[in-house]
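**Q** Predicted model follows, preceded by the sequence.
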Amino acid sequence: MSRWLLIIFFTFITSNFLFAQQNNLEIKGTGKDLYIDHTVAPKESLYSIGRTYNVNPKELASFNHLKLTSGLNIGENLKIPLDKNNFLQEGKATNSEALIPVYHTVNSGETLYRLGVNYNKVPLASLKKWNHLPSEAVSVGAPMIVGYLKVDKAQSPLASAKSNISNEVATAPQQQEKPAEKTPEATTTAAPNPRDPDPAKTEKNETPVSTSEQPKPNASTANTQSHINFSGGYFKNLFVQQGAGKTSTADAGSAGIFKSTSGWQDGKYYCFHNQAAPGTVLKVTNNATGKTVYAKVLDAIPDIKQNTGLVLIISNAAAEELGVTDNKFNCLITYNQ
């Protein structure tokens, strides 16, 4: 009898967590320190939560004064930072991204103008459009959209869980840029991280493998590899766009390789990196050959033993264009932030 009571209790608790995460996202904080709250559910980690809210797990740990290797407790409250990488109030979103409304509950004495000033000087026209307001009048206690959480459809469960909570997302000031990129498919899996029950999930199926078991890249490691030179790859122009008006950051060290079917025919190279946010394009140069490719960051490097000491893990198609002949190589990394 007690066993059934425990099962019912656990189911009730889990359901409450899921329900809580599906409520409106409520903005908190002031100035540049804006955030939303998240209550840790069973089996969640900094990595899985980071993917949910489009936040680098290292930044998430720092924002909450935690170590990246720290375990999380069920029911623990985390602050999810809202910044230029995941909080949209103007500009564009791509077909691969979903926009989730972020709300502020109107307090006594607050005006629409004051809300705009408090949250990065949002124009009144935007606030009226997002909230379908015929005038600037607001009611105390009313939830008002003040921006949008920008997440990756392939990585964040919020993209599907909240897809029908409101139609305000469609009224955000966004324009679709280009057709969504096909999700790269991996042919191998990574060793699990004992601290992360849901480790290393990236763009749907793209998963790094142990570099100690990774075969040397050659024409037989993918079904249609043909040694095509893409002059740096598909994301070269995006790297230039991301660098407009921003400061370049350099990193150097040892890189590993993961096996992927992406990149051989389309030049779309992907990588894992601990410093740059997901979606950032890195310029990677092989020190031995001087060759360069441009690879998009999927996530932080999975925290497993085989990846110790690596500053980058890159797809084998990218390694082929870099002229890599071993399982590891020294590289120079440049990115914009």
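**A** Good, I have the coordinates.
**Q** how about the strands in the stretch 51-200 of the chain?
**A** Using DSSP state E, counting those that start in this stretch, the strands of the stretch 51-200 of the chain run over 77-81, 87-88, 97-105, 143-152.
**Q** I should have written the stretch 201-337 of the chain there, sorry.
**A** Remark: strands assigned in the stretch 201-337 of the chain by DSSP E, counting those that start in this stretch are 248-258, 269-272, 281-286, 292-299, 310-315, 329-336.
**Q** Out of the ones you listed, which is closest to residue 80?
**A** strand 292-299 (16.2 Å; CB to CB). (Glycine included, C-beta is placed from N, CA and C.)
**Q** gap between that closest one and the chain center?
**A** What separates the centre of strand 292-299 from the centre of its chain is 14 Å, taken as CA atoms, centre = their mean, to the nearest Å.
**Q** and what of stretch 39-50?
**A** Mean-position distance between stretch 39-50 and its chain equals 14 Å (CA atoms, centre = their mean).
**Q** lowest average confidence, helix or strand, in the chain?
**A** The weakest-scoring helix or strand in the chain, judged by mean pLDDT, DSSP states H and E, is helix 2-21 (a mean of 45).
**Q** quick check: mean pLDDT across the following helix or strand past it?
**A** Next along the chain after helix 2-21, taking DSSP states H and E as the criterion, comes strand 25-26. Taken as a whole, strand 25-26 has an average pLDDT of 92.
**Q** Tell me which other helices or strands the next helix or strand after strand 25-26 touches.
**A** Note on strand 25-26: by DSSP H and E, the next helix or strand toward the C-terminus is strand 35-39. Packed against strand 35-39 by the contact rule (3 or more CB pairs under 8 Å, 6 or more residues apart in numbering; DSSP states H and E) you find helix 2-21, strand 25-26, helix 46-53, strand 77-81.
**Q** rerun at 10 Å
**A** Applying 3 or more CB pairs under 10 Å, 6 or more residues apart in numbering; DSSP states H and E, one finds that strand 35-39 contacts helix 2-21, strand 25-26, helix 46-53, strand 77-81, strand 97-105.
**Q** in that strand, what's buried?
**A** Residues of strand 35-39 classed as buried: 35, 36, 38 (neighbour count, 16 or more other CB atoms under 10 Å).
**Q** so who does residue 284 touch?
**A** Going by CB atoms under 10 Å, 6 or more residues apart in numbering, residue 284 touches 232-233, 251, 255, 269, 271, 273, 291-295, 312, 314, 318-319, 321-322, 329, 331-335.
**Q** Please report the distance of it from residue 261.
**A** 20 Å (CB to CB, to the nearest Å).
**Q** got the domain boundaries for the chain?
**A** 2-171, 183-337 (automatic domain parsing).
**Q** of all these, which gets the most neighbours per residue?
**A** domain 183-337 (a mean of 19; mean count of other CB atoms under 10 Å).
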